[in-house]
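K.L.:
Okay, predicted coordinates and the sequence, questions at the end:
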Amino acid sequence: MTDDRELESWREQWSGVAEPSAELQREIQLRIKRQNRRFVLGNLLTVIAFLGMLIFGLFLRHRSSWMGTGWGTSVCVLAVIAAACRVWFLRGTWRPEAQSTRAFVELWHKRVTARIRLLRISLYLSLGWLIFCAALTAANWATIGEDFKTHPKAWLVLLVACALMQYPVLWYGMVWIRRRKLAELKEVKNILDEMNDV
């Protein structure tokens, strides 16, 4: 009978790796199950929003004025860019690489990190969208007045109020979500450190 030293070495290493406590494993499993449900729901809502924005954009493109065409095209472009950013940042976070507790915690870490990056790019996209809308509105003052049968100055207060209201709401909402995600990232790093120490 031959003595397989590599197999024995592997068995010793494997027996030396301890799993986290049963309570920690249950907590991780529950968190991952909830996160998977939110992940699937988020992807489903993204697809619905993407299709809704495309339909809305195509509806706007059929308006008679150049303003409608510009808005429609910009909504379609924004929908494509937002969906592409989501897919790009969430690549590699669809499923764990293995069926171990550590693989699920690493997946959790990847998802939280991807969400933080996605929030950052969303802030820049929303700022770009507001600047584009302001430029499109300024370039089409005459068209706006003809479409709504009012003088464009009557809409100026509403447009400025919408711009001033939208960006702080987006900014503070994203800051709040980012703060929550950073706390979650710290929690995941602590769990990973605890698993490495065991």
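P.N.:
Everything's here; your move.
K.L.:
which helices and strands does the helix ranked longest in the chain pack with?
P.N.:
The longest helix of the chain (DSSP state H) is helix 152-197. Packing contacts for helix 152-197, counted by 3 or more C-beta pairs under 8 Å, 6 or more residues apart in numbering; DSSP states H and E, involve helix 22-61, helix 101-139, helix 141-148. Bear in mind the C-beta positions are built from the backbone N, C-alpha and C, glycine included.
K.L.:
out of those helices, nearest to Arg180?
P.N.:
helix 101-139 (9.6 Å; C-beta to C-beta).
K.L.:
buried stuff in the closest one?
P.N.:
101-102, 104-112, 114-116, 118-119, 122-123, 126, 129-130, 133, 137 (16 or more other C-beta atoms under 10 Å).
K.L.:
Please name every helix or strand in contact with it.
P.N.:
helix 22-61, helix 66-89, helix 152-197.
K.L.:
Contacts only, for the most centrally placed residue in the chain.
P.N.:
Nearest to the geometric centre of the chain sits Leu118, at 4.5 Å (C-alpha atoms, centre = their mean). Leu118 makes contact with 85-86, 89-90, according to C-beta atoms under 8 Å, 6 or more residues apart in numbering.
K.L.:
Distance of it relative to Arg86?
P.N.:
Distance, Leu118 to Arg86, by C-beta to C-beta, to the nearest Å: 6 Å.
K.L.:
care to break this protein down by domain?
P.N.:
Domain assignment for the chain, taken from automatic domain parsing, gives 43-89, 97-198.
K.L.:
Surely Phe50 touches Ala82?
P.N.:
Yes. If you go by C-beta atoms under 8 Å, Phe50 and Ala82 touch, sitting 7.4 Å apart.
K.L.:
now what about stretch 31-45, what contacts it?
P.N.:
93, 104, 107-108, 111.
K.L.:
Quick one: mean pLDDT for it?
P.N.:
Averaging pLDDT along stretch 31-45 gives 84.
K.L.:
Begin at 24 from now on, thanks
P.N.:
Okay, using 24 as the starting number, the last item reads as stretch 54-68.
K.L.:
got a markdown table for the contacts of Leu141, with neighbour count too?
P.N.:
Formatted as a markdown table, the contacts of Leu141 follow (neighbours: other C-beta atoms under 10 Å):
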| residue | neighbour count |
| --- | --- |
| Cys108 | 16 |
| Arg109 | 19 |
| Phe112 | 19 |
| Leu113 | 19 |
